[in-house]
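In: Pasting a predicted model and its sequence here:
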Amino acid sequence: MQKIKLPSPITILMFVIVFAALCTWLIPAGKYDMLTCEVGKSFTINKMDTSVQLPFTQTTLDSLKIKILLAKFEIKDIKKPVAIPNTYHKLEGNKQSFLQIIQAPIKGIYDSVDIVFFILFIGAFMQVFNETGAMELGLKALSYRMDGKETWLIVMLTFLFSFAGGSYGMAEEALVFYAVLVPIFLAAGYDLIVPLAVIFGGTQLGTLASISNPFSVITASNAAGINWVDGIAERLVMFTLTTIIFIWYIIRYAKRVKKDPTFSLVYKVDGILPQKNFELNFIKPAPLNTQTILLLLLFLTTFLSMIAGVVWLDWWLLEMTTIFLIASILIAIIIQMKETVFITQFIKGAEDLLSVALIVGVARGVTIILNDGNISDSIVYYASQAISGMQPSFFIIVMMFLFIGFTFFISSSSGMAVLTMPIMGSLAIMAAVPGREIVNSYLFGMGIMGFLTPTGLILPSLAIVNFSIKAWFKFIMPLIIILTIMCIICLLIGIHF
């Protein structure tokens, strides 16, 4: 029996764009009034084609029933426009046509050009570094030292990626680690699913039970009008339990693949045996020379600097991209690489990740279609109307599944928070549901769906490791069921205690 092969990532995303465009013909158009601010001066209400300025005071926020403290705007915890409760109004439909569908991926690439360049410069940096030979020598040395201890590598790295996702919101930055970790795990006898689970799965798991992620839990809590530390004990418990279960799940799978390579889901679905991807002989390598050690230290420093800059210096994509450019130039200087060779390798590396960059841009096209069709707010409005008046236990479970559905269309955690939390927070008060549980339902819903949604980072990640989304789904779905049950139990406990 011939196996069914799924389309390529970009084709899948084009189907999603077509589906989103179809929704603009079926869902009535509408929008909430949005509040923006010029810190220290005034608030601006944007409605239809008009805007109204109001005083930059807490009284203004209270009068609009926006349960956010003025201080959150002053310290710029709230940066994006906030939906104003009870202001939804219907608009004339803007049904997306064939032309808009074709333009959507192009607009998406324009809209995500900062991420696109970040990915291209990662590829360029990795190619320049690989040209030095230091990567191969370093991997051989590390693989020799880790022989027989690969399980602990899975434990440590999965926890670190999960913590990075839960603490400061690591997401796109994790793409740089595939070039390093894929060869190591393949050399250990595992398949391509293991590094993807450790890197992408780890960071995504961290967002499910975020501890202090400014892009999700802090923004959502502020938008819901509660302190972000409210409910942190519950999230810490979930973070610990889900991380332990996920590490066990990966190790269990990895050991089976190492024992019998034909157990690999990559082999069963895509026909690729693990040992055919990468091989390292576990023979004691020669000692690393000074230049190789210097290059490896520069490589490590580049990543540590990127993480430190994001956590402590408020860096984002421009600064992170810059540091990879600087590191590439320093590598060329250290090994005295000729200018023509450097440019050739730099461009070649960018070309290698061009497909990944395009996938990220095309995914943004889904949001473009929904926003241009004026149905993003409509989806939230009709969902909120459907759950209004529900019994608390049922309300909070349905809320989580709504966020799972929302995440299919809106993959931005901060964008989701400022659009939905003011509205859902008001409904929660009427349903006698604590605000912290609304935030948790948002985190859990986005966290669960983030493992699967084509508009997130799973397709770019799969494009790097090069196996099918079908194999990933077969691997992750049993875990999704486990996580969903855990989240439901957590929410039910949370609204009663």
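Out: Looks like it arrived, so ask away. Numbering: from 1, shown residues only.
In: residues contacting the nearest residue to F200 once chain neighbours are set aside?
Out: Among residues not flanking F200 along the chain, S461 sits closest, at 4.4 Å (Cβ to Cβ, 6 or more residues apart in numbering). Where you see a C-beta, it was placed from the backbone N, CA and C, and this is true even at glycine. Neighbour list for S461: 175, 178, 196, 199-200 [criterion: Cβ atoms under 8 Å, 6 or more residues apart in numbering].
In: Of these - the most surrounded one?
Out: F200 (29 neighbours; other Cβ atoms under 10 Å).
In: from memory that one sits against L459, does it?
Out: No. Contact criterion Cβ atoms under 8 Å: F200 and L459 do not qualify, at 10.5 Å.
In: returning to what we had before: measure the residue nearest to F200 to I375 for me?
Out: Relative to I375, S461 is positioned 28 Å away (Cβ to Cβ, to the nearest Å).
In: May I see the buried residues of stretch 7-18?
Out: Judged by neighbour count (16 or more other Cβ atoms under 10 Å), stretch 7-18 contains these buried residues: 8-10, 12-14, 16-18.
In: Run through the neighbouring helices and strands of the host helix or strand of I368.
Out: Using DSSP states H and E, I368 sits in helix 354-372. With contacts taken as 3 or more Cβ pairs under 8 Å, 6 or more residues apart in numbering; DSSP states H and E, helix 354-372 sits against helix 9-26, helix 98-111, helix 113-131, helix 376-387, helix 392-409, helix 458-465.
In: Could you check how far that helix is from the centre of its chain?
Out: Distance of helix 354-372 from the chain centroid (Cα atoms, centre = their mean, to the nearest Å) equals 14 Å.
In: how about that helix: buried residues?
Out: For helix 354-372, burial by neighbour count (16+ other Cβ under 10 Å) applies to 356-372.
In: same check, this time on stretch 195-210
Out: By neighbour count on 16+ other Cβ under 10 Å, the buried set for stretch 195-210 is 195-210.
In: Pull the number of nearby residues for L91.
Out: 15.
In: quick one: the nearest residue to it once chain neighbours are set aside from G373, how far?
Out: Spatial nearest neighbour of L91, excluding adjacent residues (Cβ to Cβ, 6+ apart): A29 at 4.4 Å. According to Cβ to Cβ, A29 and G373 sit 7 Å apart.
In: overlap in contacts of these two?
Out: With Cβ under 8 Å, 6+ apart, A29 and G373 have common neighbours 93-94.
In: Same drill for these two, tell me which one is more crowded.
Out: Neighbour count, other Cβ under 10 Å: between A29 and G373, G373 has more, with 23 against 17.
In: Dihedrals phi and psi, the residue nearest to L91?
Out: phi -80, psi 150 (degrees, to the nearest 10).
In: Verify the contact between it and D372 for me.
Out: No. In this structure A29 lies outside contact range of D372 using Cβ under 8 Å: 10.2 Å.
In: Residues that sit against both of these two, list them.
Out: Shared contacts of A29 and D372 (Cβ under 8 Å, 6+ apart): N94.
In: which residues touch T455?
Out: By Cβ under 8 Å, 6+ apart, the residues touching T455 are 13, 16, 363, 366-367, 408-411.
In: and which of the residues you listed is nearest I480?
Out: Nearest to I480 among the contacts of T455 is F408, at 14.0 Å by Cβ to Cβ.
In: Nearest residue to the closest one in space, please, no chain neighbours.
Out: T453 (5.3 Å).
In: and the residue nearest to L91, what does it touch?
Out: Neighbouring residues of A29 by Cβ under 8 Å, 6+ apart: 90-94, 373-375, 378.
In: who wins for most neighbours among these?
Out: Top of the contacts of A29 by neighbour number is I375, holding 29 neighbours under the definition other Cβ under 10 Å.
In: mind pulling up the phi and psi values for the residue nearest to that one when sequence neighbours are not counted?
Out: In space, and not counting its chain neighbours, I375 is closest to I27: 4.6 Å by Cβ to Cβ, 6+ apart. The phi/psi pair for I27 (degrees, to the nearest 10) reads phi -100, psi 130.
In: N374 now?
Out: With angles defined as degrees, to the nearest 10, N374 sits at phi 60, psi 40.
In: and I335, how many neighbours does it have?
Out: 18.
In: neighbours around the residue nearest to it when sequence neighbours are not counted, how many?
Out: Distances taken as Cβ to Cβ, 6+ apart place T132 nearest to I335, at 5.3 Å, with adjacent residues excluded. Residues near T132, counting by other Cβ under 10 Å, number 21.
In: try I307
Out: 15.
In: what distance separates stretch 396-409 from the centre of its chain?
Out: Per Cα atoms, centre = their mean, the centroid offset for stretch 396-409 relative to its chain is 16 Å.
In: Tell me which residues of it come out buried.
Out: Neighbour count says stretch 396-409 has 396-397, 399-404, 406-409 buried, by 16+ other Cβ under 10 Å.
In: Please export the alpha-carbon coordinates of that stretch; PDB is fine.
Out: The C-alpha trace of stretch 396-409 is given here as PDB (Å, rounded to 0.1, in the frame of the first residue of the first chain):
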ATOM      1  CA  ILE A 396     -13.000  27.600  31.700                       C
ATOM      2  CA  ILE A 397     -12.600  24.300  29.800                       C
ATOM      3  CA  VAL A 398     -14.400  25.700  26.700                       C
ATOM      4  CA  MET A 399     -12.200  28.800  27.100                       C
ATOM      5  CA  MET A 400      -9.100  26.700  26.700                       C
ATOM      6  CA  PHE A 401     -10.400  25.000  23.600                       C
ATOM      7  CA  LEU A 402     -11.300  28.400  22.200                       C
ATOM      8  CA  PHE A 403      -7.700  29.500  22.600                       C
ATOM      9  CA  ILE A 404      -6.600  26.300  20.900                       C
ATOM     10  CA  GLY A 405      -8.800  27.300  17.900                       C
ATOM     11  CA  PHE A 406      -7.700  30.900  18.000                       C
ATOM     12  CA  THR A 407      -4.100  29.900  17.800                       C
ATOM     13  CA  PHE A 408      -4.600  28.200  14.500                       C
ATOM     14  CA  PHE A 409      -5.200  31.700  13.100                       C
END
